[in-house]
Structures are given as structure tokens and as C-alpha cells.
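Asks: Got a sequence here, can you build the structure:
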Amino acid sequence: MSLVDKARPPGRVEAPGRGIAYMIVGSLLLTMNDAMVKWASSEFQLGQILASRGLAALIIIALVLCWRKEFHIFRVKYPGVQLIRAALMIASTFLFVSGLRLMPLAENVAVAFVGPVFVTALAPLMLAEQVGWRRWTAVLVGFAGVLVMLRPGAGGLNWAALLPAGAALCGAFRDLLTRRISHTEASGTTLFYSTLGVTLAGAVMAPFAWQPPGMGDLGLLAMAGVLLCIAHFLHIETFRFAEAALVTPFRYSSLLWAGAIGFLIWGDTPDLWTVLGAALLIASGLYIFHREDRKSANMVA
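Replies: Below you'll find the predicted structure:
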């Protein structure tokens, strides 16, 4: 299985336990990457962080591609769409990392899970997909979850939560574009050029407010890039061993990892509003996935 090939490859093996384990471990590594970026953000500006992490990730991707002789990955069939997608990826990454600087890790991760809700809401407009009343209800529940975490009221809005919400919105547009080209553009092509775009954007910003990193700092950012690559690899591989309907809910284990890591490192404890809002978002996301899975099964039948 290639690092960059799409889920469910021809050589599929039924091993659901292994698939679930890959999803949980991949989610843990992604959250550890987020925690490393949050830690580094207290000393370095965003451009420097993303350029360093992205360079490490690009080196690993390039080495794997060269080792497997998958040079076709570098050929682009839709350069315009890839450019727009890379721009959305840059915006999403900068917004999410900005949120990490201002919010507890678990809250930032929780708000970002509004992404599937945005995708469902935008699908009729961008892909002419039919969305029934059940999924529209789930969309409204998901947005209610975000409002709960924004906490409007006497204390005012939690404005920092708009950063990961904006990241999720940009990510939704990115994912919808990915759907449009997924049948003709290799997944590895999309992964490589999106990572390249974020790295170059970070490099452009890096000279401003540059802070000379020590060896420990460089190692931390490089490790973040390594964890990011391994996590994506595990999330891709998980669909080789189990059905999407079985393993996808375990992606929400990121919230548990984020809560545990945030508590151990920064002493953060999610409040009642965050827990309630996250619960609404999770319920909404799982129901949307359930309905889409049923729709796909009916189409196949």
C-alpha cells in the first residue's frame, strides 16, 4: 500500500481490529503533532513553524515516493484546482495553528470537527448533491454545537473559537474540491502539492520575526512533521483492513487524546460548555456519516 494512495486498495485484507487500531493511533499522532505545534508557537511565529514542519514532511514524502518509484505522483492534471486547493489548505492550516496559540488544545480540536457539517451544508451548492431533511437536521445540530462552544451571552463570544471554525470551513471547501478531482487526480499528487503549498507559504513568512531555533526546537518541529506523515499513512491504511463505517467513528478519539495531552502539559480542563458542544458536534458528524454510508450502500445495491 502506497503512503499516498486512496483508501480501500485492491489488496484489501479483512482485519477490523487492526483497522480500528490504526485509526486510533493515527488520531493520537495527529494530536501529538498539534500539541508540538502549540508548544512551539509560544516561541516562534507561524511561518517559521509551518516551514520547518512542512520541510520535514516533504522530505519524508519525497523519500517514500522515490523508494517506491512513484514518480507519476508529481504530474498534475488539474493545476488550477490544485492551486485553489493548496490556497485553501494554507488558509486552513494558518487558522488552525493560530487557534492553537490562543485556545486550549482540546477546545481547538473540538471546534475543528465542525468540518463534516460544513461539507454536508455546502455539497448541494458545489457538487449538486441531494441532502435530505435528516442530514439538514444534523447540520443544524452541528452548528448548535459550535454556538455552544462559542458561548454567546453575558460573557460575550469566545472569538478565538472562530479560528478553528474558519479552518474547518476552509477545509470543507478543500474537501469538496478534492471530491471533484478524486477520480482522475492521484491522491498522492494532492497530498504532495498541498504540503508543498503550506511549506512555501510558511517560508515566505518565516524571515519576518525570525527566531534562531536551537537543536531541540528543530528536533521538535521535525518530529511534528514526521508524526504528521505517519498519522496520514495510518489513516489511509486503516481502510485496507476495515469498512469505513466501522473505523471512521474512532477518528473522534482525537478529542480524548487532546483532552489528556492538554491536561498533562498545560493543566487544561474542558468546561461544561465545551463538553456539551463537542457532544453535539460528534453526534451530528456521526449521523451525517451514517446517512451518507447508507446512501452509498443503496447506490451500490
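
Asks: any idea which element G19 lies in?
Replies: helix 16-40 (DSSP states H and E).

Asks: helices or strands next to that helix in the packing?
Replies: With contacts taken as 3 or more Cβ pairs under 8 Å, 6 or more residues apart in numbering; DSSP states H and E, helix 16-40 sits against helix 46-67, helix 79-102, helix 105-112, helix 215-241, helix 244-247, helix 253-266. Using the backbone N, CA and C atoms, a C-beta is placed for each residue, glycine as well.

Asks: can we see that at 6 Å?
Replies: The contact analysis (3 or more Cβ pairs under 6 Å, 6 or more residues apart in numbering; DSSP states H and E) places helix 16-40 against helix 79-102, helix 215-241, helix 244-247, helix 253-266.

Asks: Taking helix 46-67 as reference, get the angle to the first one.
Replies: Looking back up the chat, that one is helix 79-102. 130 degrees (axes from the mean of the first three to the mean of the last three Cα atoms, to 10 degrees).

Asks: Only alpha carbons, please: show helix 79-102 as CSV.
Replies: The C-alpha trace of helix 79-102 is given here as CSV (Å, rounded to 0.1, in the frame of the first residue of the first chain):
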residue,chain,number,x,y,z
PRO,A,79,-3.1,22.7,-11.9
GLY,A,80,-5.8,25.3,-11.4
VAL,A,81,-7.8,23.2,-9.0
GLN,A,82,-4.7,22.1,-7.2
LEU,A,83,-3.6,25.7,-6.8
ILE,A,84,-7.0,26.7,-5.3
ARG,A,85,-6.9,23.6,-3.0
ALA,A,86,-3.4,24.5,-1.9
ALA,A,87,-4.6,28.0,-1.1
LEU,A,88,-7.5,26.7,1.0
MET,A,89,-5.1,24.3,2.7
ILE,A,90,-2.8,27.2,3.6
ALA,A,91,-5.7,29.3,5.0
SER,A,92,-7.0,26.3,7.0
THR,A,93,-3.6,25.5,8.4
PHE,A,94,-2.8,29.1,9.4
LEU,A,95,-6.2,29.5,11.1
PHE,A,96,-6.0,26.2,12.9
VAL,A,97,-2.5,26.9,14.2
SER,A,98,-3.5,30.4,15.2
GLY,A,99,-6.3,28.8,17.2
LEU,A,100,-3.7,26.6,18.9
ARG,A,101,-1.9,29.7,20.1
LEU,A,102,-5.0,31.2,21.8
